[in-house]
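*Asks:* I would like the atomic coordinates for the input below:
(one chain, ligands or ions: 2)
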Amino acid sequence: MARIKVRHLKAGYGKDIILKDVDVTVEEREIRVILGGSGCGKSTLLNNIIGLEQPLGGEINILGQNIDITSGNFSSELRKKTGVLFQSSALLTSMTVAENVGLPLQIHNPQIPAKVLEEIVKQKLSQVHMVHAFNKYPSELSGGMKKRAALARAMINDPSILFCDEPSAGLDPLSSKSLDELLLELRDKLGLSIVIVTHELDSIRAICDKLTFLADGYVLFDGSLEEALKSGPEEVKNFFARKTVEDKSKVETISFNLEG
Ligand SMILES: Nc1ncnc2c1ncn2[C@@H]1O[C@H](COP(=O)(O)OP(=O)(O)O)[C@@H](O)[C@H]1O
Ligand SMILES: [Mg+2]
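*Replies:* Ligands and ions are numbered 1, 2, ... in the order given. Prediction:
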């Protein structure tokens, strides 16, 4: 059963219709990359699925449950099963890493004993290889470490779906690569489904199972990266070609790397 099924999603802001008719399906253990030009509605799509914005129409089914889009919000049970990693790590600067990570759990279970909370937080930090930062403050962390801490926080309720909006924005290539590896590891170990917005080619190559390419409010392409490069619409091919050309430090083409 698909973890996420979005059908005929219509979304926008006031009179601005950004997404006109969008279908997205995300299977168990699938990493689905959302692509498209700047301002095409990638974040809008994510925000409508996670309930931060209210859809104007269509159907959203998450983990077999239909979302009542007229009320717009998830049940809190459903919310717990999804984790979100925002672009800015959004850690609270006055709290330690451990306090930040434990916060969502504490909000859901105010009675939770400190020892239990500490154990869960340690386990989550160990999942992202960050136990050593337990008592550190966000200001003491590198960009990559902040992302890891935010990821641990997103994982606190053992979600089966993780949403990431440009998680590697602002990271150096090495940290970005290690974040990709971590996402793959979490998918493999925990069976997570991941919906991720990214335009970093290296990232896409490393993690993409399926991609949804948005243009003009519709899905222009839905399929694997290989299919996109081989037989995708011109606009999709150009997107990758342009990116490869822009990235002059890397002369290899994306199709070359797919085979390597
Ligand atoms: N909160 C908002 N209110 C009004 N317009 C918005 C809001 N968020 C985004 N938009 C507009 O919706 C369009 C799509 O934005 P967005 O989903 O952020 O694009 P992307 O993530 O693909 O770059 C843009 O034209 C943007 O200006
Ligand atoms: Mg965006």
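*Asks:* just how off-centre is the host helix or strand of Asn47 within its chain?
*Replies:* If you go by DSSP states H and E, Asn47 is part of helix 42-50. Helix 42-50 sits 10 Å away from the centroid of its parent chain (Cα atoms, centre = their mean, to the nearest Å).
*Asks:* Now the element after that helix, going C-ward?
*Replies:* Moving toward the C-terminus from helix 42-50, the first helix or strand encountered (DSSP H and E) is strand 57-62.
*Asks:* What's the local residue count around the nearest residue to Met130 once chain neighbours are set aside?
*Replies:* Spatial nearest neighbour of Met130, chain neighbours left out: Arg148 (4.9 Å); criterion: Cβ to Cβ, 6 or more residues apart in numbering. No exception for glycine: its C-beta is placed from N, CA and C like everyone else's. The number of residues packed around Arg148, counting by other Cβ atoms under 10 Å, is 24.
*Asks:* I'd assumed Ser175 was in contact with Arg148.
*Replies:* No. The pair Arg148 and Ser175 does not pass the contact test of Cβ atoms under 8 Å, sitting 9.1 Å apart.
*Asks:* which intervals of the stretch 151-260 of the chain have sub-threshold pLDDT?
*Replies:* 243-260 (pLDDT under 70).
*Asks:* Break down it into its strands, ranges please.
*Replies:* Using DSSP state E, counting those that start in this stretch, the strands of the stretch 151-260 of the chain run over residues 161-165, 193-197, 210-215, 218-223.
*Asks:* So which bits of the last one are buried?
*Replies:* Right, strand 218-223. Applying a neighbour-count criterion of 16 or more other Cβ atoms under 10 Å, one finds Val219, Leu220, Phe221, Asp222 buried in strand 218-223.
*Asks:* In the residues you listed, find the pair that's most separated.
*Replies:* Pairwise distances across the buried residues of strand 218-223 peak at 8.5 Å for Leu220 and Asp222 (criterion: Cβ to Cβ).
*Asks:* Quickly list what's touching both of these two.
*Replies:* When Cβ atoms under 8 Å, 6 or more residues apart in numbering defines a contact, the residues bordering Leu220 and Asp222 alike are Phe213.
*Asks:* what pairs with the residue nearest the centre of the chain across the strands?
*Replies:* For the chain, the residue sitting closest to the mean C-alpha position, by Cα atoms, centre = their mean, is Cys164 at 1.9 Å. Cys164 has the following beta-bridge partners by DSSP bridges: Leu85, Ile196.
*Asks:* check contacts around it.
*Replies:* Cys164 is in contact with Val84, Leu85, Leu183, Ile194, Val195, Ile196, Val197, Thr198, counting by Cβ under 8 Å, 6+ apart.
*Asks:* what does this structure put close to ligand 2?
*Replies:* The chain has residues Lys42, Ser43 near ligand 2, with proximity defined as Cβ under 5 Å from the ion.
*Asks:* Return the residues of the chain in contact with ligand 1.
*Replies:* By the rule Cβ under 6 Å from any ligand atom, the part of the chain lying against ligand 1 is Tyr13, Asp16, Ile18, Gly36, Ser38, Gly39, Cys40, Gly41, Lys42, Ser43, Thr44.
*Asks:* which pair in the residues you listed spans the largest distance?
*Replies:* When Cβ to Cβ is used, the two most widely separated members of the residues of the chain next to ligand 1 are Tyr13 and Gly36, lying 17.2 Å apart.
*Asks:* Settle it for me: which of these two has more neighbours?
*Replies:* Higher neighbour count among Tyr13 and Gly36: Gly36, with 23 against 10, using other Cβ under 10 Å.
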